[in-house]
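Asker: Fold the following, please.
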Amino acid sequence: MGVTVVWGTVPGMRPDPFSVHLRFLPPLGRSSAIHPDRTRRRVLVWASTFPTKVQPLHGVFVKERAVAMAQLERYDLKVVSPTPYFPPIKAFPRWYALSQIPKSETIDSLEVLRPRYPMLPKIGGYFHAGLMDLGVRSRVARMHKATPFELIDSHFVYPDGVAAVMSAQRLGLPVILTARGEDMLRFPDLPKVGDAIRWALPKATRLIALSEELAERMVANGADRSRVTVISNGVDIGKHRWLPRDEARRLVGLPIDRKIVVGLGTLQPRKGFPMMVEALKQVRDRIPDAMLVIVGGSHRSGSDDTEQIHKTIDAMGLRDHVVLAGPQLPADVHKWLSAGDLFALMSWGEGSPNALMEAFACGLPAVSTAVGSVPQLLANPGLGLVMAERSATAAATAMIEAFQRPWDRAAIHEFARSQSWQSVAERVATVFEQALEETRS
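Answerer: Model (predicted):
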């Protein structure tokens with residue numbers, strides 16, 4: 001029997017003239033429809049944040065977990081990566097890239113399908129999950145009918161997680177939602193978006209949070225704590241190889257005789273790079289040879305802080321002491337990290353910062369704000385320091401102290417080795433099996 005859901009009348013939501021009306025179709029069959037001699041469980045990975053050949057850095061952390069799960073040889077994974085439709089108009093360079101993303105491709109041996117969905121300018125974010133579902137539902141239903149899935153594994157609670165729950169209810173499948181950052185730190189406070197999140201969380205079979213902070217936010221928004229498992233991101237030691245510092249500096253063209261702080265990430269306001277520049281000004285009063293290297297480029301969507309970073313560099317008179325390295329290929333990031341003396345993370349919100357784990361893999365100690373999984377990681381005093389507060393002065397104080405400490409870079413590297421994606425995959429597999437067992441029972 002069908003269930004009707006009207007977007008805008010999810011519990012706690014008022015009717016809205018812009019509502020997207022959705023109708024759940026009758027279930028197409030549960031996991032009992034799976035051929036009984038299948039040895040690998042078929043899993044649909046639902047992730048709009050996923051690398052493409054056009055944008056190879058977009059959602060690398062999601063791809064790494066999926067690849068590690070596939071390598072367990074217990075699951076057959078297929079990735080659906082919903083992509084907003086945009087016509088190929090070069091006059092809009094920020095969005096033109098979306099039109100160039102292939103509708104299907106293979107990324108690290110994973111088959112990735114990218115069905116398009118409509119996205120409304122300005123107001124589309126409030127209805128993002130519903131619009132995603134409208135564009136993807138028929139493709140997912142056909143895939144399931146051809147070769148049934150047993151589980152949906154969705155990344156980011158909004159919009160993907162909400163849309164994935166809609167599909168899971170139609171198909172009669174268990175669904176796992178992974179909270180990764182802004183989806184639980186900021187989105188629950190937004191009108192309509194928060195109501196959709198609070199509708200979806202109790203309906204998920206199991207939930208994964210990248211940090212205790214995210215787990216608490218999930219529970220505060222309707223999740224059952226007994227269904228939430230905290231599993232942070234891992235790191236690929238093979239890709240983030242630790243190089244001798246001076247060798248790395250020669251490879252990337254940095255001076256051998258300077259004290260170097262490295263920041264890594266997309267140039268979004270929440271990453272705090274202007275504050276990092278302000279902190280460098282204060283650090284240089286005590287350590288005159290200190291300099292800052294920022295590795296990263298503009299984000300695919302959302303606001304960009306590049307102009308503000310340049311303004312802050314000029315205002316602080318640091319043009320000769322800050323290097324903006326731009327976006328780097330994943331194969332080259334380890335060179336820049338290995339070249340540093342210290343890694344800095346100034347974000348106001350994170351889940352499990354990938355950049356921090358990559359820095360550890362390169363033997364780099366860290367100074368960071370107390371966000372996401374950072375407090376748990378930096379409880380180990382051999383890995384770095386947590387700032388007393390999120391301010392340029394607190395950052396400068398922590399950087400100066402870190403520069404004055406002796407660090408065992410080999411021990412930091414070994415810690416990262418223990419946090420591999422393979423170990424993450426084993427923990428995620430336990431959650432998969434819990435969801436599958438619950439559905440069978």
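Asker: What segments of the stretch 101-250 of the chain are strands?
Answerer: Applying DSSP state E, counting those that start in this stretch to the stretch 101-250 of the chain gives strands spanning 104-107, 110-113, 116-117, 151-155, 175-179, 206-209, 228-230.
Asker: can you give me the mean pLDDT across the last one?
Answerer: Right, strand 228-230. For strand 228-230, mean pLDDT is 97.
Asker: Tell me which of the strands of the stretch 101-250 of the chain is the most buried.
Answerer: Each of those was scored by mean neighbour count; the highest is strand 175-179, a mean of 29, by mean count of other C-beta atoms under 10 Å. In short, each C-beta sits where N, CA and C put it, glycine included.
Asker: Would you mind pulling the contact partners of that one?
Answerer: 151-157, 161, 164-165, 167-168, 200-201, 203-210, 214-215, 217-218, 351, 431-432, 435 (C-beta atoms under 8 Å, 6 or more residues apart in numbering).
Asker: of the residues you listed, buried ones?
Answerer: The neighbour-count criterion (16 or more other C-beta atoms under 10 Å) marks 151-157, 161, 164-165, 167-168, 200-201, 204-210, 214-215, 217-218, 351, 431-432, 435 among those as buried.
Asker: so where's the chain uncertain?
Answerer: 1-38, 94-95, 121-124, 299-302 (pLDDT under 70).
Asker: So what are the structural domains in it, by residue number?
Answerer: Here the domain parsing of the chain from automatic domain parsing is 3-234+421-440, 245-417.
Asker: now the end-to-end length of the last one.
Answerer: Read that as domain 245-417. 19 Å (C-alpha to C-alpha, to the nearest Å).
Asker: what's the offset of it from the middle of its chain?
Answerer: 19 Å (C-alpha atoms, centre = their mean, to the nearest Å).
Asker: what's the answer for stretch 137-147, then?
Answerer: 26 Å.
Asker: Setting the sequence-adjacent residues aside, check what's closest to residue 306.
Answerer: residue 267 (5.0 Å; C-beta to C-beta, 6 or more residues apart in numbering).
Asker: so who does the one you found touch?
Answerer: 273, 294, 296, 297, 298, 299, 304, 305, 306, 309.
Asker: any idea whether it is helix, strand or coil?
Answerer: The three-state label given to residue 267 by DSSP: H, G, I helix; E, B strand; the rest coil is coil.
Asker: Please report how far it lies from residue 324.
Answerer: To residue 324, residue 267 is 9 Å away according to C-beta to C-beta, to the nearest Å.
Asker: Give me the subset of the contacts of strand 175-179 that lies in helices.
Answerer: Taking DSSP state H, the ones among the contacts of strand 175-179 that sit in helices are 164, 165, 167, 168, 200, 214, 215, 217, 218, 431, 432, 435.
Asker: Surely residue 212 touches residue 376?
Answerer: Yes. Judged on C-beta atoms under 8 Å, residue 212 makes contact with residue 376 at a distance of 6.8 Å.
Asker: quick one: what helix or strand has the residue nearest to residue 323 when sequence neighbours are not counted in it?
Answerer: In this structure, residue 323 finds its nearest non-sequential neighbour in residue 293, 4.6 Å apart by C-beta to C-beta, 6+ apart. Following DSSP states H and E, one finds residue 293 within strand 290-295.
Asker: what packs against that strand?
Answerer: strand 259-264, helix 273-286, strand 322-326, helix 333-338 (3 or more C-beta pairs under 8 Å, 6 or more residues apart in numbering; DSSP states H and E).
Asker: I'd guessed residue 281 sits against residue 316; true?
Answerer: Yes. The pair residue 281 / residue 316 is scored as a contact, 4.5 Å apart, by C-beta under 8 Å.
Asker: The residue nearest to residue 323 touches residue 259, doesn't it?
Answerer: No. With contact defined as C-beta under 8 Å, residue 293 does not count as touching residue 259 (11.3 Å).
Asker: Look at those two and report which has more neighbours.
Answerer: residue 293 (21 against 16; other C-beta atoms under 10 Å).
Asker: what is the residue nearest to residue 323 paired to in the beta sheet?
Answerer: On the basis of DSSP bridges, residue 293 is bridged to residue 262, residue 323.
Asker: From residue 209, how far out is it?
Answerer: The value you get for residue 293 to residue 209, if C-beta to C-beta is used, is 32 Å.
Asker: Repeat that for residue 323.
Answerer: Residue 323 is 35 Å from residue 209, by C-beta to C-beta.
Asker: With residue 49 instead?
Answerer: For residue 49, the distance to residue 209 - C-beta to C-beta - is 16 Å.
Asker: Beyond the strand holding residue 293, next helix or strand please.
Answerer: helix 306-315.
Asker: for that next one, packing partners?
Answerer: Against helix 306-315 (3+ C-beta pairs under 8 Å, 6+ apart) you get helix 273-286.
Asker: any idea of the angle the helix it packs on forms with strand 259-264?
Answerer: Calculated by axes from the mean of the first three to the mean of the last three C-alpha atoms, to 10 degrees, helix 273-286 forms an angle of 170 degrees with strand 259-264.
Asker: Helix 273-286 to strand 290-295, inter-axis angle?
Answerer: 160 degrees.
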